[in-house]
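> starting from these lines, generate the structure:
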Amino acid sequence: MTTLQDLLVRSSRTFAVGIQILPDPLRGEITVAYLLLRVSDYLEDNQELGDDEKVALLEEWRRVLDGGGEREALIERLGEAGEDTPDALVARHAKTVLDGLDRLAPAAHEILVRQVRKSSAGMARWTLRGSVFHTEADLDDYMHEVAGRVGHLLTELFVLRLAGIGSKRERMMALGREFGLALQTVNVIRGLHEDRHRGWVYVPASFLSDTDMGAAELFEPANHEAAMTVLGRLVSKADGHLAVARAYMRMIPRRHHRVRLFCLLPLLFAVRTLAISRTNPEVLDRETKMTRREVMAITRHARIMGFSNRWIDWYCDRLAERGA
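Okay, the predicted model is just below:
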């Protein structure tokens, strides 16, 4: 029988590392949250369904999360997911994930349902709208729905479970959104080559305002110089969001070391991935990612020194160097 832990490990190479570090009950709650959002991601991103069907299923997913809808019928439908992707894997086991949601304490259950429903509604809105990003604000709006709301969800759980941060809720909600945008901007850069094959290029038209080309034309060899300029703008955007993400992490008291570490690891992974992608033309042709050795080294160092804000600043600067 497939368990929530099995699904977490099989669907994530990096987030599972941080989630497994968390204390209970946060570990179980965030595991369920991550897997619920994976199902939402499948319904938005998969190549098997047309846009109208995606929107209809996202709306049904929202109803089921809220305790209505045709739960068994949707589980059966998701069981037909045929893609060989982590999202599809989790979708095929939606019953296990929903059963895990049912077992959560009422307060955590309410947070997850509310935030995942909001994120799913945003995904449906953008599926209908299509990949049209006129401005950076458009891109931020999309990224807020798929990642910024994750920052809100996690912050609400931290306020629920951790002593000493309740008074910081409002500030942490704002910074948490930026944390989500930071990670998503790095994902956009890392996935530029792959996303274009499904017709989505996450580049605002405003980033191309000094050219006559559309975003899809960036990948043509003749437009290499313009593409690298756009890459630089995306990297600068990611840098700005990542700086705010550091501020978010500092607001978690040091006594909650495992929670700080959970936040620190994706931050460090993003900093390193951005360093690999910065000024790197290979980003336009293939996925850029850390080696397994790098992931293990970063995790080891963070476990030992992650309590120190000064060390975090130093280590982020070191990881940001291309050849580090």
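> tell me the buried residues in stretch 13-23?
By neighbour count on 16 or more other CB atoms under 10 Å, the buried set for stretch 13-23 is T14, F15, A16, V17, G18, I19, I21, L22. Backbone N, C-alpha and C define where each C-beta goes, glycine included.
> can you list the domains in this structure?
1-106, 131-324 (automatic domain parsing).
> for this protein, which spans come out with low pLDDT?
197-198, 322-324 (pLDDT under 70).
> how close does the residue of it most remote from its centre sit to M213?
Ranked by distance from the centre of the chain (CA atoms, centre = their mean), the top residue is A222, with 32.3 Å. Per CB to CB, to the nearest Å, A222 is found 10 Å from M213.
> P25 now?
51 Å.
> again with L242
From L242 to M213 the distance is 28 Å (CB to CB).
> from the contact counts, what lies against whichever strand or helix holds R233?
Secondary-structure element containing R233, defined by DSSP states H and E: helix 224-250. Helix 224-250 is packed against helix 169-190, helix 257-277, helix 309-319, with contacts defined by 3 or more CB pairs under 8 Å, 6 or more residues apart in numbering; DSSP states H and E.
> of L242 and M213, who's got more company?
L242 (22 against 14; other CB atoms under 10 Å).
> the residue nearest to that one when sequence neighbours are not counted: neighbour count?
Spatial nearest neighbour of L242, chain neighbours left out: A182 (4.6 Å); criterion: CB to CB, 6 or more residues apart in numbering. Neighbour count of A182, defined by other CB under 10 Å: 30.
> one more: the one 10 residues further on?
A total of 26 residues lie near L192 under the criterion other CB under 10 Å.
> which ones are touching it?
Residues in contact with L192 (CB atoms under 8 Å, 6 or more residues apart in numbering) are V201, Y202, L231, V283, L284.
> ok, now L218?
V201, V203, L208, A226, A227, V230, L284.
> by neighbour count, which of those wins?
Counting by other CB under 10 Å, top hit in the contacts of L218: V203 with 25 neighbours.
> so what's it up against?
Taking CB under 8 Å, 6+ apart, one finds F133, L139, A215, L218, V230, L234 in contact with V203.
> if you set the cut-off to 10 Å instead, what comes out?
With contact taken as CB atoms under 10 Å, 6 or more residues apart in numbering, V203 is in contact with 131, 133, 136, 139, 188, 192, 195-196, 214-216, 218, 227, 230-231, 233-234.
> quick one: secondary structure of it?
Recorded secondary structure, V203: coil (DSSP: H, G, I helix; E, B strand; the rest coil).
> which residues in the stretch 51-200 of the chain form helices?
In the stretch 51-200 of the chain, helices defined by DSSP state H, counting those that start in this stretch lie at 51-65, 71-78, 86-92, 94-102, 106-129, 136-143, 149-161, 169-190, 192-195, listed in chain order.
> which one of the ones you listed lies nearest to L261?
helix 149-161 (13.2 Å; CB to CB).
> farthest pair in the contacts of L218?
L208 and L284 (14.7 Å).
> any chance of the contacts of L192 in CSV, with distance to T299 too?
Below are these laid out as CSV (distance: CB to CB, whole Å):
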residue, distance to T299
V201, 32
Y202, 28
L231, 28
V283, 24
L284, 29
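> nearest to P86, of these?
Nearest member of these to P86, counting by CB to CB, is Y202, at 19.6 Å.
> doesn't E194 make contact with that closest one?
No: if you go by CB atoms under 10 Å, Y202 and E194 don't touch, sitting 11.1 Å apart.
> tell me, what's touching those two both at once?
Residues touching both Y202 and E194 by CB under 10 Å, 6+ apart: none at all.
> could you tell me which residues make contact with L284?
Neighbours of L284 in contact, by CB under 10 Å, 6+ apart: 192-193, 196, 218-221, 223-224, 227-228, 230-231.
> with distance to A33 as new columns, can the helices and strands packed on helix 224-250 be given to me in JSON lines?
Formatted as JSON lines, the helices and strands packed on helix 224-250 follow (distance: least, CB to CB, whole Å):
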{"stretch": "helix 169-190", "distance to A33": "13"}
{"stretch": "helix 257-277", "distance to A33": "12"}
{"stretch": "helix 309-319", "distance to A33": "25"}
